[in-house]
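# pasted the sequence and its predicted model underneath.
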Amino acid sequence: MSSVTFGNVFLTALVFACSACARFENPVVAEEGPRFDERLAGHWYTESDEGKFDMEIRRDGDEGIVVATGTKVGEEPESDQMRIITARVGQHTFASVAGFKEGSHWTLFRYDVATPDVLIIYQDDDHAWNDALRNKVLPGSTDETGRNMNSTVTASSEQLRDFLLGYGSVVFNEQPSAEFRRVPTD
């Protein structure tokens, strides 16, 4: 099921093969403020024909930290660290991830912890975000370059949460983009 590809280990893998996904100036935050979903804490992995991807997720206050390592077949491992903020909005759970470098954009994905040992990731449908920006439902800009349409959403966390309450089920692909398994602990 995994369609993970490699390059910049985290932005390509955790953003899950998402070269055309929208970028966000702000994370999606629950009404109560930033949160970390404890179900994500632990060591996760996935494999594809291209290689293996591991990530360790841990709490850091009201947020989390993801330490990720991708190993492309025949190459040395690459590692990266990201911030993660989670939010339950309506019936869905969302995670916003960004690098620690100042000015890093957030990437948003929907996830489901199907069982305590299975994490399923759904990437966004960039066309839905582009439509929302073009129709002025949300503030931001689109950059259509060739086959990719890259959106930068400048909406506040509150605006994003309100948008997802109404459209959260349609701005993410129905098919998972990656399935991770929890690494058993001894």
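Looks like it arrived, so ask away. Numbers count the residues shown, from 1 in each chain.
# which strands or helices does the strand ranked longest in the chain pack on?
Assignment by DSSP state E gives strand 78-89 as the longest strand of the chain. Applying 3 or more CB pairs under 8 Å, 6 or more residues apart in numbering; DSSP states H and E, one finds that strand 78-89 contacts helix 9-13, strand 63-72, strand 92-98, helix 157-167. For every residue, glycine as well, the C-beta is placed using N, CA and C.
# if you set the cut-off to 10 Å instead, what comes out?
helix 9-13, strand 51-60, strand 63-72, strand 92-98, strand 107-115, helix 157-167 (3 or more CB pairs under 10 Å, 6 or more residues apart in numbering; DSSP states H and E).
# quick one: it to strand 63-72, angle?
Angle, strand 78-89 to strand 63-72, by axes from the mean of the first three to the mean of the last three CA atoms, to 10 degrees: 140 degrees.
# pull out the buried residues from strand 78-89.
Glu78, Asp80, Met82, Arg83, Ile84, Ile85, Thr86, Ala87, Val89 (16 or more other CB atoms under 10 Å).
# can you redo those as JSON lines with distance to Phe180 and pLDDT?
Below are the buried residues of strand 78-89 laid out as JSON lines (distance: CB to CB, whole Å; pLDDT from 0 to 100):
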{"residue": "Glu78", "distance to Phe180": "18", "pLDDT": "89"}
{"residue": "Asp80", "distance to Phe180": "16", "pLDDT": "88"}
{"residue": "Met82", "distance to Phe180": "15", "pLDDT": "92"}
{"residue": "Arg83", "distance to Phe180": "18", "pLDDT": "95"}
{"residue": "Ile84", "distance to Phe180": "14", "pLDDT": "96"}
{"residue": "Ile85", "distance to Phe180": "18", "pLDDT": "97"}
{"residue": "Thr86", "distance to Phe180": "15", "pLDDT": "97"}
{"residue": "Ala87", "distance to Phe180": "19", "pLDDT": "96"}
{"residue": "Val89", "distance to Phe180": "21", "pLDDT": "94"}
